[in-house]
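K.L.:
Give me a 3D structure for the following:
(2 chains)
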There are 2 protein chains.
Amino acid sequence: MGAKPRNVLYAQSGGVTAVVNATAAGVIETARKHKGRIGKVYAGRDGIIGVLSEDLIDTSKEPARAIAALRHTPGGAFGSARYKLKKLDESTAQYERLIEVCRAHDIGYFLYNGGNDSADTAWKVSQISERLGYPLVAIGVPKTIDNDLAVTDCSPGFGSAAKYVATSMREAIYDVRSMWRTSTRVFVLEVMGRHAGWLTAACGLAAERPGDAPQVLLFPEIPFDEAAFLARVKTAVERDGFCAIGVSEGVKRADGKFLSETGLTDAFGHEQLGGAGPMIAQLAKTKLGYKFHWAVADYLQRSARHIASRVDVEHAYRLGEAAVKLALEGRNATIPVVLRVSDKPYRWKVGVANLADAANAEKTMPRDFITQDGFGITAKCRAYLEPLIRGEDPPPYRDGLPAYVRLKNVPIAKKLPPFKL
Amino acid sequence: MGAKPRNVLYAQSGGVTAVVNATAAGVIETARKHKGRIGKVYAGRDGIIGVLSEDLIDTSKEPARAIAALRHTPGGAFGSARYKLKKLDESTAQYERLIEVCRAHDIGYFLYNGGNDSADTAWKVSQISERLGYPLVAIGVPKTIDNDLAVTDCSPGFGSAAKYVATSMREAIYDVRSMWRTSTRVFVLEVMGRHAGWLTAACGLAAERPGDAPQVLLFPEIPFDEAAFLARVKTAVERDGFCAIGVSEGVKRADGKFLSETGLTDAFGHEQLGGAGPMIAQLAKTKLGYKFHWAVADYLQRSARHIASRVDVEHAYRLGEAAVKLALEGRNATIPVVLRVSDKPYRWKVGVANLADAANAEKTMPRDFITQDGFGITAKCRAYLEPLIRGEDPPPYRDGLPAYVRLKNVPIAKKLPPFKL
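P.N.:
Numbers count the residues shown, from 1 in each chain, chains lettered A, B, ... in the order given. Next up is the predicted model:
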């Protein structure tokens, strides 16, 4: 590494979270502490799209106060994208352009903040930069509410979404428990998690005592068994007066088809889902005659910074910080991760994994985290989940609403010809 | 009023809220301060159903700590009911039974905590007790997230639901604004309010600057105009990249029919609605080709005590306190209300209205609270709404989740024969 400080290029990718900006704050504040070794931190506007189109944001134009406020601001402050680069053996044009942009702006460090797909991309960037002889340290930074990254104990974004769904489920249960005698018997909360049931599991944290509601959880990992489900709902209603159900958007039939398919796909080719909650509620009505209500949390669960988990915010910030440190150490093709040291008391530290191991390895719920009957979480699962939703870290409020920051997002001057995405 | 202290009968009615238990705390704590004049506070289990079936809860069995915790606990602590008494000229049996129960347990004060229907019931109870020569002071206490009670500046429960939907909308906007280039263009949040658009209006508070998202609000008071709606969405997407929409569950077509009718009715004969949000989102997709996401807050918005408005909690508690004071003053057939003294700074005081005026008078949004085009809120509306969501009053947390109280709800011994509901 030369004496001249080189720049950092930071980009957010995929679905945003309540704390991905806390990671950005960790990156930028840490970089600012190493002025002798790092020049500026540029951010891709709308993630990798801004990188490819040379639409880079100069974060040095933002005052320290604004960067600090990122820690309590949801969404993606520079924009994010659902945009997957081509396979390396299909086309190298995108990767070559990416290196060209780095070269034009003296980028020494590429930090890519996302999920499985993004770890894969960062890994490919590390390969292509070596192949093209451009000195670049490519680092991944974990982020996903789905918690399906294999190399880390948990992913920043998950803890806050988990705290949100568990709180929402608990509050809705207090509501339904008050009124079932003359009103709703079956309440359904649909949560995200296409293939991994971590957020569905988090609904189970709402139970205060063993046997408490929610009495039914429907995981994407467990094929939906209509008869068993209906029997379980009936038992719950007859025992407790009502049944609260947490259902994954990705719950599937035995044949592997999603319970609810819209026929739409997103940019990654993933099926766009919606409506598993209403479908499940309608089923209880049709087959058992119970009055129902359903809620679909949708984006609310991944942007509810107002009820973020303090542990999650801390993970997010510290991994951003660690990414910069790994970059400065020249540890190309790595990703900082959360390593759990102990459950009780909860202790963790930052670890380091190889991007090659992180890329596209999806972590679903272990079978022993789900009860034998498939409708609940085990004590082992609870022990895993509980520390991740611990602590509150409320944002400041102004006029009764969370006061979030909107950055100026000043672009740097372009030096290259346009590139067709 | 004799020298012997008489008992209070308190009952919750209709849909519960995040703060109706704060009213219960106000009632019980105030009654406990007047031991010389008030005996015990009994609560109807599941509201009026418990009253009619003589299933009364002895709140004196609850320690002060548990009653204090009601202030931060959502739902209905003694149960609530959607159960409307018969009309007085159809049958007096239910009312006579109610008086019989009061007589059996020396009830001197009947406090009925609910919305329009409940004010009507309390008023009828005041009439029948006079007719039957039983000395009873019947007092209403306002409660509804719909904010449609005519005699009060606002209704406890609304401010917290409004804060929840405004916060949720703001957070979702931070999410969608990050990602529209490759993902969702149209985001829809469906909120409650069957005939009154107060919660839809509250979505508008999410905007930080004039012209900000949410760009479209669909009120139940404004007939849905598909062409105007689609034009508005298109303009917003072309200008801002995305369009955020707040839609009332009760949005209606020009012919007065709900946009989404399930064909089900609740105990009050109200049409059970659901799905206006998904329908609106699907419409934007079908007609304009935009990718969409939708959320339905459902019960989450009326039970989200974790983000209650401090002003709302204060209203709720103080009206409960005021109800007991009115009872002690013998002011039969009245209801304590919120009187606004000024917007800025926000000042209010407790006022008193007649139950006869409160009964079944529904307050919808004034036309001058809605912009001329029908898709937004005016400065006047904002000035009205803003004070109601002010201040935070977070519950205590345990293990990362709100710690709410569950009462013992010990029944008193029955003295009467059963009664068929």
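
K.L.:
near chain B, which residues of the stretch 101-250 of chain A?
P.N.:
A:163, A:166-168, A:170-172, A:174-179, A:181-184, A:187, A:189, A:205-206, A:208 (C-beta under 8 Å from any C-beta of the partner chain). Heads up, the C-betas are built off the backbone N, CA and C, glycines and all.

K.L.:
how does it look with 7 Å?
P.N.:
A:163, A:166-168, A:170-172, A:174-179, A:181-183, A:187, A:205 (C-beta under 7 Å from any C-beta of the partner chain).

K.L.:
Need the buried ones from the residues you listed selected in PyMOL.
P.N.:
Under the burial definition 16 or more other C-beta atoms under 10 Å in any protein chain shown, those of these that qualify are selected in PyMOL by:
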select buried, chain A and resi 163+166+167+168+170+171+172+174+175+176+177+178+179+181+182+183+187+205
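
K.L.:
quick one: which of the residues of the stretch 101-250 of chain A next to chain B sit in strands?
P.N.:
In strands, judged by DSSP state E, the following of those are found: A:F187.

K.L.:
Just the residues of the stretch 101-250 of chain A next to chain B: which are in helices?
P.N.:
Those of these mapping onto helices are A:163, A:166-168, A:170-172, A:174-179, per DSSP state H.

K.L.:
Next one: the residue nearest the centre of chain A, what pLDDT does it get?
P.N.:
Geometric centre of chain A, nearest residue: A:T144, 1.8 Å, by C-alpha atoms, centre = their mean. At A:T144, the model reports a pLDDT of 97.

K.L.:
May I have the secondary structure class of it?
P.N.:
Three-state call for A:T144 (DSSP: H, G, I helix; E, B strand; the rest coil): coil.

K.L.:
Quick one: residues contacting it.
P.N.:
A:G115, A:S155, A:G157, A:F158 (C-beta atoms under 7 Å, 6 or more residues apart in numbering or on different chains).

K.L.:
Not including adjacent chain positions, what is the nearest residue to it?
P.N.:
Leaving out its chain neighbours, the residue that sits closest to A:T144 by C-beta to C-beta, 6 or more residues apart in numbering or on different chains is A:G115, at 3.9 Å.

K.L.:
and the one you found, how many residues sit next to it?
P.N.:
25 (other C-beta atoms under 10 Å in any protein chain shown).

K.L.:
now swap in the one 3 residues further on and tell me
P.N.:
For A:S118, the number of neighbouring residues by other C-beta under 10 Å comes to 30.

K.L.:
Distance check, it against A:A358.
P.N.:
To A:A358, A:S118 is 9 Å away according to C-beta to C-beta, to the nearest Å.

K.L.:
which residues do the two both contact?
P.N.:
Residues touching both A:S118 and A:A358 (C-beta under 7 Å, 6+ apart): A:G140.

K.L.:
Contact residues of the stretch 251-400 of chain A facing chain B?
P.N.:
A:267, A:293-300, A:302-307, A:309, A:386, A:389-392, A:397, A:399-400.

K.L.:
ok so, going back, nearest to A:G26, of the ones in helices among the residues of the stretch 101-250 of chain A next to chain B?
P.N.:
Nearest to A:G26 out of those is A:K163 (C-beta to C-beta; 19.8 Å).

K.L.:
wouldn't the closest one be in contact with A:I307 here?
P.N.:
Yes. Contact criterion C-beta atoms under 7 Å: A:K163 and A:I307 qualify, at 5.8 Å.

K.L.:
returning to that earlier point: and the residue nearest to A:T144, what are its phi and psi?
P.N.:
Per-residue torsions, A:G115: phi -100, psi -150 (degrees, to the nearest 10).

K.L.:
No more questions from me, cheers.
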